[in-house]
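Peer 1: Got a predicted model here, sequence first, then my questions.
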Amino acid sequence: MILICNEAVKNCRRDRRFALPKTNSLENYLFPRYSNLHFFSSSDFARSFEMLPFNIVLLLTATAMTSAAELPDFIHVCKRKDPQVNDCIAKSVEFLRPYLLSGVPELNIPSLEPLYLKELVAAESTGLKITARDIRTYGASDYTIRGFKLDFDTMHCQFSMDLPHLYIDAMYHVDGKVLLLPIAGSGPMRGNFTACTGSVDLKGEVKKDANGEDRLRYTDFHVKFTVGNGYVELENLFGGDRTLGDLVNSAINNNFDVFLRELQPLLEKALSETFQRIANNIVEPFTWQQLFPDD
């Protein structure tokens, strides 16, 4: 059986920033999974022989793209030997804000507005269980970087991040006790958080790819955050009983730190995994020398 690229070629994008995804099979790039593929036997091959020159050119072009993509304008290059390299990287990360706001599809970078988290489940030893799903967080792209430090020898990086205002919209289910009050319900959940700060600690490694090029990849990414002030509203508590619902919501917000403590480890883990994936998507198409040249 012979596989020939026909109209599926239209899916081969002509974007200078587009990099061939990591794969062991070139066919996965030339013939995307959902493309219109045409299969035919060797007896029909002669009728398609005229396509051979075009297929060879396409093959050579795709092969050339496996080396390195061209750096897009929104990624600022910082030289490793620059005495102010930490400031340069911090400014580069902040320069990404408008692009993270809308996302960069060609680099597999999702929009941060909203930042989507699928599900969080927190269970306390006292019997309280809180589940939040379809969590949409707004305001994550409005960040400011402080105290950026990167050690090129160990590839250990640390910095702080300020987020003035975050708003979340989610669906929840809760059952148990909060501050000795029985609580049960499920429905929409909203939250407002201000004066948020995050402490980021990440590690990376530089390894050679199949073409012998050095590439950067982040292997560990940890986020710890604090919230200055916050307000949460859980709708439909106790089957929609307004009096009991208002009482529990008031108790939660009067003791907001206690309530947040139950969700915080899960939030930090989910945010760490999300930001690590985004960071790797940003650097993956480019070589180490492109991102951080010697001079």
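Peer 2: Done, it's in. Numbers count the residues shown, from 1 in each chain.
Peer 1: how deep is residue 201 tucked in, by neighbour count?
Peer 2: Residues within reach of residue 201, counting by other CB atoms under 10 Å, total 14. All C-beta atoms are positioned from the backbone trio N, CA, C, and that covers glycine.
Peer 1: Assumed it was part of a strand.
Peer 2: Yes: under DSSP: H, G, I helix; E, B strand; the rest coil, residue 201 falls within a strand.
Peer 1: Name the nearest residue to it, sequence neighbours excluded.
Peer 2: Closest residue in space to residue 201, ignoring its immediate chain neighbours: residue 222 at 4.8 Å, by CB to CB, 6 or more residues apart in numbering.
Peer 1: CA atoms of stretch 237-253 as CSV?
Peer 2: Only the C-alpha atoms of stretch 237-253 are listed here, as CSV (Å, rounded to 0.1, in the frame of the first residue of the first chain):
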residue,chain,number,x,y,z
LEU,A,237,-26.1,25.6,49.0
PHE,A,238,-28.5,23.3,50.8
GLY,A,239,-30.6,22.9,47.7
GLY,A,240,-31.1,26.7,47.2
ASP,A,241,-32.0,27.5,50.8
ARG,A,242,-31.2,31.3,50.8
THR,A,243,-31.0,31.7,54.6
LEU,A,244,-28.6,28.8,55.2
GLY,A,245,-26.6,29.6,52.0
ASP,A,246,-26.1,33.2,53.1
LEU,A,247,-25.1,32.1,56.6
VAL,A,248,-22.4,29.6,55.3
ASN,A,249,-21.1,32.1,52.7
SER,A,250,-20.7,34.7,55.4
ALA,A,251,-18.9,32.2,57.6
ILE,A,252,-16.5,31.3,54.8
ASN,A,253,-15.6,34.8,53.9
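Peer 1: which residues are contacting that stretch?
Peer 2: 174, 178-179, 181, 183-185, 187, 230-236, 259 (CB atoms under 8 Å, 6 or more residues apart in numbering).
Peer 1: distance between it and the chain's centre?
Peer 2: Centre-to-centre, stretch 237-253 and its host chain are 35 Å apart (CA atoms, centre = their mean, to the nearest Å).
Peer 1: if we can go back for a sec, from the contacts of stretch 237-253, which single one is nearest residue 90?
Peer 2: Using CB to CB, residue 230 is the member of the contacts of stretch 237-253 that lies nearest residue 90, at 27.3 Å.
Peer 1: from what I can see that closest one touches residue 168, true?
Peer 2: No: look at residue 230 against residue 168 with CB atoms under 8 Å: they stay out of range, at 9.9 Å.
Peer 1: which residues do these two both contact?
Peer 2: Common neighbours of residue 230 and residue 168, using CB under 8 Å, 6+ apart, are 191, 193.
Peer 1: What separation do you get for residue 84 and residue 92?
Peer 2: Counting by CB to CB, to the nearest Å, the gap from residue 84 to residue 92 is 12 Å.
Peer 1: Which of those two has more residues huddled nearby?
Peer 2: A direct count of neighbours by other CB under 10 Å for residue 84 and residue 92 places residue 92 higher, at 17 against 11.
Peer 1: could you pull out the strands for the stretch 1-150 of the chain?
Peer 2: Under the criterion DSSP state E, counting those that start in this stretch, the stretch 1-150 of the chain contains strands at 2-4, 38-40, 115-123, 129-138, 144-151.
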